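[1] Give me coordinates for this.
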Amino acid sequence: MSLKQFFLGLFFSMSIAGIGQNNSKEVLFTVNDKPYYTDEFARVYKKNLDLVKDESQKDLNQYLELFVGYKLKVNKAYKLGLQDNPKYQNELKSYRTQLAKNYFNDTKITQELVEEGYNRLQKEVKASHILILVDENASSEDTLKAYKKIEDISKKALAGEDFSALAVQYSEDPSAKENKGDLGYFSAFRMVYAFENAAFNTPKGKVSKIVRTRFGYHILKVEDIRNNRGEVTVAHIMILKPKPEDADQDKAKNTINDIYKKIQQGEKFEDLAKQFSEDKSSSSKGGTLNKFSSGQLSSEEFESVAFSLSTPNEISTPFQSQFGWHIVKLIQKHPVRTLDEMKNELEGKIGKDDRSKKITASLNEKLRKKYTHKRDNKQYAAISKLVTNDFYDSKWKQPENVKDYTATLLTINSKKIEGNAFLEFVDKQQKSGIAVKPIAKLVDALYEKFLDSQLTAYYDENLENEFAEFANVMEEYRDGLLLFDLMEKEIWERAKTDTIGLQKFYEDHKNEHQWKNRVEATILSSTKMEEIKKALALLKKKTEVQAIKDKLNTGNVVNVMSNSGVFEEGNDALPKSTKFEVGISDIVKEGEYYFVTKVDKVMPKGIKTLDECRGKIVNDYQQYLEQRWVDDLKQEFTVKINKDIFEKVKKQLNP
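    Below is the predicted model:
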């Protein structure tokens, strides 16, 4: 998610369903005589009510203040001409395209595709494939050449020749030389739809029919079919892979093995994860990761081990991935979710892959019925004669007098579409793979595609007129994008670059940014009192930590572990009874562990430097600048609030 998307999300929900509507429409306030109405205020308030974290923003008086401030910023953006920026216009167009997708749907077809996808998700297919590359828009000659290649290979495979050997010899997939065409296990939505269909419609051990995708022609062999493994939640301890320049390349392996021995000795996995795991995103949670499914992580080794564990609390032996060394503990296995639970997610996936073509076909049929459309047959006959057999070789060119064909060819409701628009469409379709013959039938086929494209364009152009909720959301995005550009220009960049102002703000507020007490220390831990006593004795003799571990961790048994660094008061790794003074502590017990802490340096609580709290200071400075700026905007623009109308709105929203 980009910063701009996140910013817009603070103002507007992406959902366009269930927005509370207020039929009354009165002027709530004006900015330089430009009116803003009660229905917009009520709608946005209701939609954002559950999103705000600050309770004060739910108060209608406070919310009006925020809403007026928001509109003041938007007016300032228009005054500066930011709406004319081509980048802004392109982004707005992109957002509109995303929002419009919700209206290009067919409930019945979508439901059928959801059920098909869900049924396929119950299984995972292991398949190998052979690919002959051909561009989606290749000429008919190149397409036929590629088809003959795959046809010959298919005959060999169906005759029983070794599929993996054929893949190595013939496949134009660059990875085939190493993996022999093996794609591993996959389920629905992991491959392009046509390929997925072939995989799920081919019996185990059989070779599929030839299938065409945007990459080229394929045949595939289904090696195995198994039940979907669902999702799994695990915890792990990770020691990062050594850097190439590190002197001790075995340190990570030795450390993970020591930790594993500690686990075998009965020490808690979660405690060891907190102390030693170098995955900082999970260590504070005892190593627990978010649940995941097959193919979701970027490490096949990690997934294989995680799914191989069968009993909750079962722990793997140490293993290596491309990231480092791990030990994994099974928390819970999650079966495939129900259809109701996955419905929204599946609908989103369907809209993003080739399945959506079925929905498009259904929409085309509906739009033909929805709008009146009429072709001028005389104009069509004249234009049809201009398309020649050169089309098949992608050599056809529009006539030099194309501007003479501006008479209306197609009328949709009251919209008139000129003949030259169809000629431009024909020109662009030369690489689409359409090869209908003779040429007259080809032109008819192209016209049907043209008609569908024009009906869809007309429908898209009129979404704001046909759907009030779409118009509302677009208005909010239009203003929101402007506001982002304005804030970036007026506030955010200034807060980053105004070093003098930032320094002064820091000086005025530095007492709000304090370090707790900190120590630079080494912590030794053990579950055995006798071993920690030995460690304490050696520490007092000024023995190096590594030497202590070498002496006490003998016989393939890890008795003592160490953790060194700078620890702030309250850090999970620091024993709670630690005294913040230089020296060696007594032995303390917390949970099942005995600890000894050697404090080398004490850093008392105090004010953080600007560099140490820069992120927070910059954020606070931005808010400070924004509030001053809004105050200035209230002087620049004239705001008039209709208080009687506002009181009426308050009663409607909070009866």
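[2] what about K25, how many neighbours?
    Counted with other CB atoms under 10 Å, residues neighbouring K25 total 12. From N, CA and C alone the C-beta is placed, and that goes for glycine too.
[3] pLDDT score for it?
    For K25, the model assigns a pLDDT of 81.
[4] need the contact list for it.
    K25 makes contact with Y37, T38, D39 under the criterion CB atoms under 8 Å, 6 or more residues apart in numbering.
[5] for A445, same thing?
    Here A445 is in contact with I434, V436 (CB under 8 Å, 6+ apart).
[6] quick one: it from L64, how far?
    Going from A445 to L64 by CB to CB, to the nearest Å gives 58 Å.
[7] Where does E124 fall, secondary structure wise?
    strand 123-133 (DSSP states H and E).
[8] Packing partners of that strand?
    helix 140-158, helix 163-170, strand 182-186, helix 193-201, strand 216-227 (3 or more CB pairs under 8 Å, 6 or more residues apart in numbering; DSSP states H and E).
[9] Nearest approach to F595 belongs to which of the ones you listed?
    Of all these, the one in closest proximity to F595, counting by CB to CB, is strand 182-186 (45.8 Å).
[10] Direction included, what does the closest one pair against?
    Strand 182-186 has the following strand partners under DSSP bridges: strand 123-133 (antiparallel).
[11] Quick check: pLDDT value at E636.
    In this model, E636 carries a pLDDT of 92.
[12] Same question for N22.
    For N22, the predicted pLDDT is 42.
[13] What of L10?
    For L10, the pLDDT comes out at 46.
[14] got CSV for the contacts of K25, with pLDDT and secondary structure too?
    Output for the contacts of K25, formatted as CSV (pLDDT from 0 to 100; DSSP: H, G, I helix; E, B strand; the rest coil):
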residue, pLDDT, secondary structure
Y37, 90, strand
T38, 91, helix
D39, 88, helix
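[15] most surrounded residue in those residues?
    T38 (21 neighbours).
[16] how close does it get to R494?
    In terms of CB to CB, T38 sits 35 Å off from R494.
[17] again with A521
    With CB to CB as the criterion, A521 and R494 are 42 Å apart.
[18] Compare the two (neighbour count), which wins?
    A521 (24 against 16).
[19] got a list of what the closest residue to S154 other than its chain neighbours touches?
    Counting by CB to CB, 6 or more residues apart in numbering, S154 lies nearest to I219, which is 5.0 Å off, once chain neighbours are set aside. Shown in contact with I219 (CB under 8 Å, 6+ apart): H129, I130, I150, I153, S154, A157, V207, S208, K209, I210, V211.
[20] how about a cut-off of 7 Å?
    H129, I130, I150, I153, S154, A157, V207, S208, I210 (CB atoms under 7 Å, 6 or more residues apart in numbering).
[21] swap in Q122?
    N227, N228, V336.
[22] go on, A440?
    S384.
[23] Helix, strand, or coil at it?
    helix (DSSP: H, G, I helix; E, B strand; the rest coil).
[24] what's the pLDDT at it?
    pLDDT, read off for A440, is 91.
[25] For it, give its distance to V44.
    A440 is 56 Å from V44, by CB to CB.
[26] what do you get for G205?
    59 Å.
[27] Of these two, which one has the most company?
    V44 (20 against 10).
[28] on that earlier part again, need the contacts of K25 in CSV with distance to A198, can you?
    As requested, the contacts of K25 are exported to CSV (distance: CB to CB, whole Å):
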residue, distance to A198
Y37, 55
T38, 57
D39, 52
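[29] in the protein, which ranges drop under the pLDDT threshold?
    1-24, 50-57, 137, 139, 295, 655 (pLDDT under 70).
[30] So what's the residue count around K551?
    So K551, with other CB under 10 Å, has 14 neighbours.
[31] related to what we said a few turns ago, now the buried members of the contacts of Q122.
    N228, V336 (16 or more other CB atoms under 10 Å).
[32] follow-up on the earlier one: what's opposite the residue nearest to S154 in the beta bridge?
    I130.
[33] Start the count at 332 instead of 1 going forward.
    From this message on, residue numbering opens at 332, which makes the last subject I550.
[34] mind checking how far it is from A498?
    10 Å.
[35] what's the overlap in contacts for the two?
    Shared contacts of I550 and A498, counting by CB under 7 Å, 6+ apart, come down to I461.
[36] Spit out the contact partners of H567.
    D610, G618, L620, H657, I658, V659.
[37] Serialize those to JSON lines and add fields for neighbour count.
    Output for these, formatted as JSON lines (neighbours: other CB atoms under 10 Å):
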{"residue": "D610", "neighbour count": "17"}
{"residue": "G618", "neighbour count": "25"}
{"residue": "L620", "neighbour count": "19"}
{"residue": "H657", "neighbour count": "24"}
{"residue": "I658", "neighbour count": "25"}
{"residue": "V659", "neighbour count": "25"}
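[38] Between those residues, which sits nearest E357?
    Nearest member of the contacts of H567 to E357, counting by CB to CB, is L620, at 53.3 Å.
[39] for the closest one, what are its contacts?
    V565, A566, H567, S613.
[40] Just send those residues back as TSV, with distance to L984 and secondary structure too.
    Below are the contacts of L620 laid out as TSV (distance: CB to CB, whole Å; DSSP: H, G, I helix; E, B strand; the rest coil):
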residue	distance to L984	secondary structure
V565	47	strand
A566	46	strand
H567	49	strand
S613	43	helix
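[41] Take those and lay them out in JSON lines including distance to Q663.
    Shown next, in JSON lines, are those (distance: CB to CB, whole Å):
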{"residue": "V565", "distance to Q663": "9"}
{"residue": "A566", "distance to Q663": "10"}
{"residue": "H567", "distance to Q663": "14"}
{"residue": "S613", "distance to Q663": "15"}
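[42] Of those, which is the most crowded?
    Of the contacts of L620, with other CB under 10 Å as the count, V565 tops at 27 neighbours.
[43] I'd assumed Q663 was in contact with that residue.
    No: the pair V565 / Q663 is not scored as a contact, 8.6 Å apart, by CB atoms under 7 Å.
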